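Peer 1: Sharing a model prediction with you, sequence too.
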Amino acid sequence: MQERSALELWPASASSVAVEADYLILAFTVLTLLLTVPVFLAISYFAVRYREGVDADRDTSNQRSFLIEISWMLIPFLLTLIFFVWGARIFVESKNPPPDAMTVEAIGRQWMWKYQHPTGQSEINDLHVPIDQPIHIRLTSQDVIHAFYLPALRIQMGVVPGRTTDLWFKANRTGTYRLYCSEYCGTDHSLMGGNLTIMTQGEYQEWLTHSGAQQSAPAAGRALYESYGCASCHDPGATVKAPRLAGLYGSQVELEGGRKIVADEEYLRARILNPNENRLAAGYKQIMPSFAGVIPADDLARIVDYLKAYHSTEGEARP
Amino acid sequence: MTAGSIDAGLSGRDPHTPESTLDRPRDYLHAQSTLRSWFLTTDHKRIAILYLTSITLFFIIGAVAAGVVRLALVVPNGAILNNDNYNKAFTLHGVVMVWFFLIPSIPATFGNFLIPLMIGAKDLAFPKLNLTSWYIFMAGALFTMISVVLGGIDTGWTFYAPLSTAFSNTWVLPALIGVTIVGFSSILTGLNFVVTIHTMRAPGMTWFRLPIFVWTHYATSLIFLLATPVITVALILLVAERAFHVGVFDPAYGGDPVLFQHLFWFYSHPAVYIMVLPGMGVISEIVPAFAQKKLFGYKFVAYAAIGLASVTFFVWGHHMFVNGQSDLASLVFSGLSFAVAVPSAVKVYNWTATIHKGSLRLDTPMLYAMGYIGLFVLGGLTGLFLATLAINQHIHATYFVVAHFHYIMVGGTVLAFLGGLHFWWPKFTGRMYNESWGRVSALLIFIGFNVTFFPQFILGYLGMPRRYATYPAEFQLLNVLSSAGATILAAGYIFPMLYLVYSIWWGRRAPGNPWQAKGLEWETTSPPPTLNFITPPKVPNQPYDYPIKVTETGGTPA
Ligand code: HEM
Ligand SMILES: [Cu+2]
Ligand SMILES: [Cu+2]
């Protein structure tokens, strides 16, 4: 991520559409100023010129109100219509992805994004895409309404459960930009974001082949861990009595009935998919739900990777 | 008391001789003084005071919540409030400010007090219904407050499904039920106003002699009547879905979440005009009075009010350009939104033209009115930015929107509310407040408001989404600036509350017409007697019959 100063006054742009949207708003601002500054100046001037007691010409006999009214209604309206048309043109283009677009599937859920590249690779929160290639993102939600917002491209789209929505762009500048959820979706709405990395074609191919290694695995796993609700039971501060998982991997755990077992990868997977099967941790109640059929294989792998890297220094020591 | 400029101005204009008090009926404030006589009153003026007190209370609650939100946003990492509490704070702020302060603000207080006076009637058409409306309002609002006491709600004031029906673990049901109840109070108030304006005008008070204030309230009442039932139904469906899993909006039960947005905005966009139109009415009274000149283009402004109230029903989709609505719908709604800007703009030019060649006094109400015009114009034009499809795709749901609607609702309506409060305060209470304090408060609010909200336009364009408890560090400086402005704004709000209350006991007694204003409400005493007029009024004149006339040429539509 490039360095950012504490105060920025104009957002970075990474596509020609973004640049045009900037021109649009700048031109509209100019028109706004043309329409309003005279009003503000007039009010201030009149306030001084026509103050009570000041000697001024107050003869109103030749104020023709009808003509004036019609003209100050219609002229600004016609001028602003230019911007309606201009804005509508860009909008219509932005709704129709070209046929050669590369399609990325995106799923929003409280509070993370998951993307699937056409070649099968998936990633969490952060998105990597190539430059100069139309990218078509098909969006859907698994729970509430979210919205996928890419400020550097000046676009966003609602992500609605029960339907798919679309968004497309063609970036022309590499770099790392922010992406957000822009539709309020509950507690961690403001954390539901990541980075959009726009890379050259070569870098992108490289990234695809090493996607597993390149994705910052613990961060992705952590997002899933929170999203599937593990954290709400297992983190310090949870209201449920559940064992801390920091440092669990590789340690010896005592199960109900005195049986001892080393928590290896196999154990972790089995515990998540099928917690009921005679593996209750000693001293706890059976309340953890089974996640078999809920967590797809790739997400499960990420969660297990996360648990493997989750050392007791990060959380609280295991009791 | 003060020998401020008001006194000087008054003695220059019209030396005030105290009216005889001998055979005059007692004014409405002193007619009776038991608690019962207030809580069971059917006098529209007393009911207006009940509303004024209750919405002030809600304003304070909402403002404290806003203060908490602004405080939390001083740091980017949520160190002051955790996400959950932040979400509850902005929801409380939005719910209280919109439903319990802004929607009833001008209509239920000034409208209640002034409509009968302005049309020369003794009361509203249905005085008991009027009192019932207040009780319904209080019942609904307090019911909603139950959810706050129990632990709060975190859905935002918009209650979008399925977050509000299936996913939020907070006290959503009491809030929904409370807001639904409050809606009935709006409907009944609207009904009362419409019937009153139709049937209770004094002899000679033709439609085109009605003050613009009455016209805008007529238009507002129509919105109350036609739009509120839709939100009532939408909220009841939310309750049904949350409590009984009746699938209407949640796709998990076969519903459609976009449907809720349609219903919600079908009410809530017109509701913006419930907030805006009465403010325009207030400004249209203040400006001619302080320019001593007839309102420019009276008929145009009256028609514009009705026009706005009609077109406003057809633009709700501009809140949903990026929410899964069809592209054609988006194009249509964008075009219509541009059209709605026209009648709004007319009014601003009309007020400016009214000042031209007037005889201006820059007293407190006029300062508020001028502040209103400036902020309202900015709010309105940034609304056009938002209605432009390609721009909307970028700034929708960012701080740009937060800035835009605060310019309309706070810069616009709240300034009109305060301007009107200062304008009619002598009529309400029979007392004058200290004029120089009034001017200071108007200035503080104008400065504080701009420092608070202008930076949010920039934040929005930079891409900071709204309803964010934590945010990237590059946005911090502008957020700190905004919070600093909020402290100035807070001072600007607290100050009038203090000196206005002070004036109730220690203010100079107000004459019947301290501003040399025209309009029937100024022809009775301050405060008015219980039945409003000592001798039944007749209306021989055109409205805004000020010394400086504007000749409306023959082309004006009749
Ligand atoms: C009558 C006055 C006001 C009204 C009607 C009003 C209304 C609203 C509404 C409807 C929202 C949206 C809430 C939501 O997103 O659910 C909001 C948000 C907000 N208001 Fe106000 N407001 C008022 C005054 C103020 C003041 C005085 C301040 C500053 C001190 C303020 C600061 C904010 C902030 C910072 C937010 C954004 C919260 C967020 O999106 O995270 N408001 N206001
Ligand atoms: Cu979100
Ligand atoms: Cu709207």
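Peer 2: Good, I have the coordinates. Numbering: from 1, shown residues only, chains lettered A, B, ... in the order given. Ligands and ions are numbered 1, 2, ... in the order given.
Peer 1: mean confidence for stretch B:177-190?
Peer 2: The pLDDT scores in stretch B:177-190 average 94.
Peer 1: right, I mislabeled it, should have said stretch B:438-450
Peer 2: pLDDT averaged over stretch B:438-450 gives 95.
Peer 1: chain center to it: distance?
Peer 2: The chain centre lies 18 Å from the centre of stretch B:438-450; the measure is Cα atoms, centre = their mean, to the nearest Å.
Peer 1: repeat for stretch A:246-253
Peer 2: Mean C-alpha position of stretch A:246-253 versus that of the full chain (Cα atoms, centre = their mean) differs by 34 Å.
Peer 1: residues of stretch B:256-270 that come out buried?
Peer 2: Neighbour counts using 16 or more other Cβ atoms under 10 Å in any protein chain shown place B:256-258, B:260-270 of stretch B:256-270 among the buried residues. All C-beta spots, glycine's among them, are computed from the backbone N, C-alpha and C.
Peer 1: If you could redo that for stretch A:232-244, that was the one I meant.
Peer 2: Across stretch A:232-244, burial judged by 16+ other Cβ under 10 Å covers A:233-235, A:242-244.
Peer 1: my read: B:F533 touches B:T524, true?
Peer 2: Yes: between B:F533 and B:T524 a contact is recorded at 5.1 Å, counting by Cβ atoms under 8 Å.
Peer 1: per the record, what domains does chain A have?
Peer 2: Following automatic domain parsing, one finds the domains of chain A at A:1-46+A:65-96, A:102-210, A:217-309.
Peer 1: ok, the closest residue to ligand 2 within the stretch 101-250 of chain B - how many residues close by?
Peer 2: Nearest residue of the stretch 101-250 of chain B to ligand 2: B:L163, at 9.3 Å (Cβ to the ion). B:L163: 26 surrounding residues under other Cβ atoms under 10 Å in any protein chain shown.
Peer 1: Going along the chain, name the strands of the stretch 201-319 of chain A.
Peer 2: Here the stretch 201-319 of chain A has its strands, by DSSP state E, counting those that start in this stretch, at A:252-254, A:260-262.
Peer 1: Between the domains of chain A, which one is closest to B:G140.
Peer 2: When these are compared by Cβ to Cβ, domain A:102-210 sits nearest B:G140, at 23.9 Å.
Peer 1: so how far is chain B from the residue in the stretch 201-319 of chain A that ligand 1 sits nearest to?
Peer 2: Nearest to ligand 1 in the stretch 201-319 of chain A, going by Cβ to the nearest ligand atom, is A:E226, at a distance of 21.3 Å. Going from A:E226 to chain B by Cβ to the nearest Cβ, to the nearest Å gives 12 Å.
Peer 1: shouldn't that residue be in contact with A:D188?
Peer 2: Yes: A:E226 is in contact with A:D188 according to Cβ under 8 Å; the separation is 7.5 Å.
Peer 1: which neighbours do those two share?
Peer 2: Between them, A:E226 and A:D188 share these contacting residues under Cβ atoms under 8 Å, 6 or more residues apart in numbering or on different chains: A:W111.
Peer 1: what about the stretch 401-550 of chain B, any weak spots by pLDDT?
Peer 2: Residues of the stretch 401-550 of chain B meeting the criterion pLDDT under 70: B:550.
Peer 1: Residue in it with the shortest distance to chain A?
Peer 2: Nearest residue of the stretch 401-550 of chain B to chain A: B:G463, at 2.8 Å (Cβ to the nearest Cβ).
Peer 1: can you pull the contacts of the closest residue to that residue other than its chain neighbours?
Peer 2: Nearest residue to B:G463, sequence neighbours excluded (Cβ to Cβ, 6 or more residues apart in numbering or on different chains): A:P151, at 2.8 Å. Shown in contact with A:P151 (Cβ under 8 Å, 6+ apart): A:11, A:177-178, A:180, B:394, B:462-463.
Peer 1: In strands only, show me those residues.
Peer 2: A:177-178, A:180 (DSSP state E).
Peer 1: for those residues, which one is nearest chain B?
Peer 2: The closest of those to chain B turns out to be A:Y180 (Cβ to the nearest Cβ; 5.1 Å).
Peer 1: From ligand 1, how far off is that closest one?
Peer 2: Plainly put, A:Y180 is 13 Å away from ligand 1 if you go by Cβ to the nearest ligand atom, to the nearest Å.
Peer 1: what sits opposite that residue in the beta ladder?
Peer 2: A:Y149 (DSSP bridges).
Peer 1: follow-up on the earlier one: could you export the buried residues of stretch B:256-270 to CSV, including columns for distance to B:P496 and secondary structure?
Peer 2: Converted to CSV, those look like this (distance: Cβ to Cβ, whole Å; DSSP: H, G, I helix; E, B strand; the rest coil):
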residue, distance to B:P496, secondary structure
B:D256, 46, coil
B:P257, 42, helix
B:V258, 43, helix
B:F260, 39, helix
B:Q261, 37, helix
B:H262, 40, helix
B:L263, 38, helix
B:F264, 33, helix
B:W265, 33, helix
B:F266, 36, helix
B:Y267, 31, helix
B:S268, 29, helix
B:H269, 30, helix
B:P270, 30, helix
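Peer 1: Near chain B, which residues of the stretch 101-250 of chain A? Just list them.
Peer 2: Contact residues, the stretch 101-250 of chain A versus chain B (Cβ under 8 Å from any Cβ of the partner chain): A:110, A:143-145, A:147, A:149, A:151-152, A:154-158, A:160-163, A:165, A:178, A:180-191.
Peer 1: Can you select the buried ones from the residues you listed in PyMOL?
Peer 2: Filtering those down to the buried ones (16+ other Cβ under 10 Å) takes a single PyMOL command:
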select buried, chain A and resi 110+143+144+145+147+149+151+152+154+155+156+157+158+160+161+162+165+178+180+181+182+183+184+185+186+187+188+189+190+191
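Peer 1: Tell me where the stretch 151-300 of chain B has strands.
Peer 2: Secondary structure of the stretch 151-300 of chain B (DSSP E, counting those that start in this stretch): no strands located.
Peer 1: Return the residues of it in contact with ligand 1.
Peer 2: Residues of the stretch 151-300 of chain B lying close to ligand 1 (Cβ under 6 Å from any ligand atom) are B:156-157.
Peer 1: Tell me how many other residues crowd the residue in the stretch 151-300 of chain B that ligand 1 sits nearest to.
Peer 2: Sorted by distance to ligand 1 under Cβ to the nearest ligand atom, the residues of the stretch 151-300 of chain B start with B:G156, at 3.5 Å. Each residue near B:G156 was counted by other Cβ under 10 Å, and the total is 21.
Peer 1: what sits against it?
Peer 2: B:G156 touches A:184, B:87, B:90-91, B:94, B:467, counting by Cβ under 8 Å, 6+ apart.
Peer 1: so which of these comes closest to B:D250?
Peer 2: A:Y184 (16.6 Å).
Peer 1: Just to be sure, the closest one is in a helix?
Peer 2: No: counting by DSSP: H, G, I helix; E, B strand; the rest coil, A:Y184 falls outside a helix, being coil.
Peer 1: all helices of the stretch 101-250 of chain A, in order?
Peer 2: Secondary structure of the stretch 101-250 of chain A (DSSP state H, counting those that start in this stretch): helices at A:201-209, A:211-214, A:217-227, A:230-234.
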